[in-house]
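Participant: here are the coordinates; sequence isn't available:
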């Protein structure tokens, strides 16, 4: 049976995080996480290129990724929303350059509900439920905002919704 490899993305301008989740025969067999920290002292263009390069490297390291999924952005504060949508555009460009026609999106409440059963769960609860419900130890080093755990949760949400997990 062919492996399914999903790239989950929790996008932001300051610390976008990524989780590559590999499934074989309905079981999660590997999870790799990464993030890139950008510095607000640099220009917007510089920071977006940092994110682009990081995402492109993930695709180079994992040419067998076959599904892309990201947490859907939401509008709350205009400046943050505009920055987020620029990062989303970068993810669309990287997807296109790597042959993807579609990037799936799930709202934060959908991800929380799928992983924990409660769409209003806290981030630490999502990380804990990744472990108890899916066997993924989501206590990632230097993940104080749970960005890496969120990226993995987005990927697992997609896999679970598509009935790819047993």
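Facilitator: Cool, got the structure. Treat the numbers as computed from the prediction; the structure is a model and nothing was measured.
Participant: for the helix or strand of the chain with the lowest mean pLDDT, which residues meet the burial criterion?
Facilitator: Least confident helix or strand, the chain: helix 78-97 with a mean of 90, by mean pLDDT, DSSP states H and E. By 16 or more other CB atoms under 10 Å, the buried positions in helix 78-97 come out as 83, 84, 86, 87, 88, 90, 91, 94, 95. C-betas here are computed from N, CA, C, even on glycine.
Participant: tell me the helices and strands packed up against it.
Facilitator: Here helix 78-97 touches helix 44-61, strand 67-71, going by 3 or more CB pairs under 8 Å, 6 or more residues apart in numbering; DSSP states H and E.
Participant: take the ones you listed and lay them out in TSV including mean neighbour count, mean pLDDT and distance to residue 158.
Facilitator: What follows is the helices and strands packed on helix 78-97, written out as TSV (neighbours: other CB atoms under 10 Å; pLDDT from 0 to 100; distance: least, CB to CB, whole Å):
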stretch	mean neighbour count	mean pLDDT	distance to residue 158
helix 44-61	16	98	16
strand 67-71	24	97	4
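Participant: what's the most distant pair in the buried residues of helix 78-97?
Facilitator: By the measure CB to CB, 83 and 95 form the most distant pair in the buried residues of helix 78-97, at 19.1 Å.
Participant: about what we covered before: partners of the helix or strand following the least confident helix or strand of the chain in the sheet?
Facilitator: Sequence-wise, the next helix or strand downstream of helix 78-97 (DSSP states H and E) is strand 104-106. Strand 104-106 has these partner strands in its sheet, going by DSSP bridges: strand 67-71 (parallel).
Participant: so what's residue 93 up against?
Facilitator: By CB atoms under 8 Å, 6 or more residues apart in numbering, the contact set of residue 93 is residue 52.
Participant: tell me how far it lies from residue 38.
Facilitator: 17 Å (CB to CB, to the nearest Å).
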